[in-house]
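A.B. asks: Sequence first, then the predicted structure, then my questions.
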Amino acid sequence: ARHGAPLAKEVVESGALPLLKLCLKEPSATLRRITLSCLGCIGQHNTDLASALVREGLLPEVLPCLRHRDAVLRRQACRALAVSAQHLDELGWFKQEATAD
């Protein structure tokens with residue numbers, strides 16, 4: 001997914017997102033770091049790919065990683081959220097979420 005939007009789109013269309021969501025629930029910090037890196041690489045490309053992460057419910061699953069004791073894992077979680085957020089802001093997603101609460 002890091003190579004470009006077409007490859008990231010292929011990863012999403014292959015049905016990998018539910019499996020990545022499961023990986024975030026595993027106890028292995030190494031597996032979660034790799035998963036977060038992958039999510040960041042997918043979400044960085046465009047609005048459609050960032051929206052796919054939202055539709056699959058992956059971004060809320062990333063939030064607990066921000067409190068983990070592993071600094072690299074926390075950094076990967078921040079990156080995954082930040083690169084996705086830049087595209088979600090273009091959609092007005094944050095305004096929609098704020099008015100929903």
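C.D. replies: Sure thing, it's come through.
A.B. asks: Can you report how many residues lie near the closest residue to L20 other than its chain neighbours?
C.D. replies: Using CB to CB, 6 or more residues apart in numbering and skipping the chain neighbours, the partner closest in space to L20 is T35 (5.3 Å). Placement of C-beta: from N, CA and C, glycine included. T35 has 27 neighbours, counted by other CB atoms under 10 Å.
A.B. asks: dump the residue contacts of T35.
C.D. replies: Taking CB atoms under 8 Å, 6 or more residues apart in numbering, we find T35 in contact with 20, 23-24.
A.B. asks: mind giving me CSV with those residues and columns for neighbour count, distance to S84 and secondary structure?
C.D. replies: Output for the contacts of T35, formatted as CSV (neighbours: other CB atoms under 10 Å; distance: CB to CB, whole Å; DSSP: H, G, I helix; E, B strand; the rest coil):
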residue, neighbour count, distance to S84, secondary structure
L20, 20, 13, helix
C23, 18, 17, helix
L24, 18, 14, helix
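A.B. asks: Please point out which parts of the helix or strand harbouring C41 sit buried.
C.D. replies: Using DSSP states H and E, C41 falls within helix 29-43. Across helix 29-43, burial judged by 16 or more other CB atoms under 10 Å covers 32-33, 35-43.
A.B. asks: cool, and stretch 61-77?
C.D. replies: Per 16+ other CB under 10 Å, stretch 61-77 contains these buried residues: 61-62, 65, 73-74, 76-77.
A.B. asks: Between the two ends of it, what distance do you get?
C.D. replies: 10 Å (CA to CA, to the nearest Å).
A.B. asks: Give me the residues contacting it.
C.D. replies: Against stretch 61-77 from outside (CB under 8 Å, 6+ apart): 21, 24-25, 29, 32-33, 36-37, 39-40, 78, 80-81.
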